[in-house]
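**Student:** build the 3D model from these lines:
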Amino acid sequence: MRKHKKNRVFGREVGVRTAMLKSLARSLVLKEKIKTTEAKAKEIRPIVEKLVTKAKDGTIASRRVIASRVGDGSPTEKLMTVIAPKYKTRAGGYTRIIKLGRRLSDGAKMAQIEFVG
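**Tutor:** Numbering: from 1, shown residues only. Prediction:
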């Protein structure tokens, strides 16, 4: 019994689930807008919000934490140089979720998650 556990499971084992969330967060940072299921969008939102807050610090330690969360290379660089400076004065709420219709194939609720501004 789950007993009010915090995160969604998505019918996947731990390693697969963390890889999926890492991949979604990486895609959102690189493309700045992605279309996914509503549940997945709601699940990656706090992850990305924390990454942007961490990127606003601009320290080497925060760069290393971001690299461990979304992978080293272009996503880390984009977060630190492009995305974080846009939200320097903003105190949170960097992303928005726009609900779309249902997917034709299986009827899953779809949503678009994007950066604000």
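**Student:** surely residue 111 and residue 102 touch.
**Tutor:** No. Applying C-beta atoms under 8 Å, one finds residue 111 not in contact with residue 102, separated by 10.8 Å. Any C-beta I mention is one placed from the backbone N, CA and C, and that applies to glycine too.
**Student:** between those two, who's got more neighbours?
**Tutor:** Set residue 111 next to residue 102 and count neighbours by other C-beta atoms under 10 Å: residue 111 wins out with 19 against 11.
**Student:** okay, the helix or strand containing residue 61 in PDB with CA atoms only?
**Tutor:** Element membership of residue 61, judged by DSSP states H and E, is helix 60-70. C-alpha atoms of helix 60-70 as PDB (Å, rounded to 0.1, in the frame of the first residue of the first chain):
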ATOM      1  CA  ILE A  60      30.700  25.900  -9.400                       C
ATOM      2  CA  ALA A  61      28.900  23.700  -6.800                       C
ATOM      3  CA  SER A  62      25.500  24.500  -8.200                       C
ATOM      4  CA  ARG A  63      26.800  23.800 -11.800                       C
ATOM      5  CA  ARG A  64      27.900  20.300 -10.600                       C
ATOM      6  CA  VAL A  65      24.600  19.600  -8.900                       C
ATOM      7  CA  ILE A  66      22.700  20.600 -12.100                       C
ATOM      8  CA  ALA A  67      25.100  18.500 -14.200                       C
ATOM      9  CA  SER A  68      24.300  15.500 -12.000                       C
ATOM     10  CA  ARG A  69      20.600  16.100 -12.400                       C
ATOM     11  CA  VAL A  70      20.200  16.700 -16.200                       C
END
